[in-house]
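1. Sequence and predicted model, in that order:
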Amino acid sequence: MLIVDMPGMLREIVRDTVAGERDMEVAAEVPVKAPISDAVAESGADVVILSEDHPALTGRGSTVLRSQQASLKLLAVGADGREGFLYALRPVRIALGELSPARLAAAIRSELTPGNGTET
């Protein structure tokens, strides 16, 4: 798992949530808004957790990420840490609703299939 460019408190919450799960670990953290495809490749991460407004989710950044492995998931967390969205490298966006540590962990483990949330 790769944590990218999140505010300090939100980063700590995500890191603590992941640390509390036996089957998850943070492989690396990228602290600045920069291209993250190299960090994904180097870390071998299969999940990238980042702020909802990160450039990787729009425009050229999303094109670069789509060139990564097909199993890569992006978990975007709102600035207030209360909402999140799970992206796959296909045009699917599933609303996760209000986030809690348990819901964050469940979203990381989830498969992106119709019916696992509200597709938008």
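-> Structure's in. What do you need?
2. what does stretch 98-114 rub up against?
-> 1, 13-14, 16-18, 20-21, 23-24, 47, 49, 73, 75, 77, 81-84, 86, 88, 90, 92, 94, 96-97, 116 (C-beta atoms under 8 Å, 6 or more residues apart in numbering). All C-beta spots, glycine's among them, are computed from the backbone N, C-alpha and C.
3. ok, of these, which come out buried?
-> Burial by neighbour count, judged by 16 or more other C-beta atoms under 10 Å, picks out 1, 13-14, 17-18, 47, 49, 73, 75, 77, 81, 84, 86, 88, 94, 96 from the contacts of stretch 98-114.
4. Just the helices from the protein, written as ranges.
-> 8-19, 37-43, 59-66, 101-109 (DSSP state H).
5. Stretch 96-116: how far from the chain's middle?
-> On the basis of C-alpha atoms, centre = their mean, to the nearest Å, stretch 96-116 sits 11 Å off its chain's mean C-alpha point.
6. Now it: buried residues?
-> Neighbour-count burial for stretch 96-116 [16+ other C-beta under 10 Å]: 96, 99, 104-105, 107-108, 112.
7. With stretch 44-56 instead?
-> So stretch 44-56, judged by 16+ other C-beta under 10 Å, has buried residues 45, 47-51, 54-56.
8. wait, Leu75 sits on Val47?
-> Yes. Assessed by C-beta atoms under 8 Å, Leu75 is found in contact with Val47 at 6.3 Å.
9. I'd like to know how far the nearest residue to Leu96 once chain neighbours are set aside sits from Ser37.
-> Among residues not flanking Leu96 along the chain, Gly84 sits closest, at 4.5 Å (C-beta to C-beta, 6 or more residues apart in numbering). Applying C-beta to C-beta, to the nearest Å, the value for Gly84 to Ser37 is 22 Å.
10. ok, back up a step: closest to Glu29 out of the helices of the chain?
-> Glu29 sits nearest to helix 8-19 of all those, at 7.3 Å, using C-beta to C-beta.
11. Could you check the angle that closest one makes with helix 101-109?
-> Helix 8-19 and helix 101-109 meet at an angle of 70 degrees, taking axes from the mean of the first three to the mean of the last three C-alpha atoms, to 10 degrees as the criterion.
12. Put together a markdown table for the helices of the chain, with mean pLDDT and distance to Val30 on each row.
-> Formatted as a markdown table, those follow (pLDDT from 0 to 100; distance: least, C-beta to C-beta, whole Å):
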| stretch | mean pLDDT | distance to Val30 |
| --- | --- | --- |
| helix 8-19 | 89 | 11 |
| helix 37-43 | 82 | 5 |
| helix 59-66 | 56 | 12 |
| helix 101-109 | 87 | 17 |
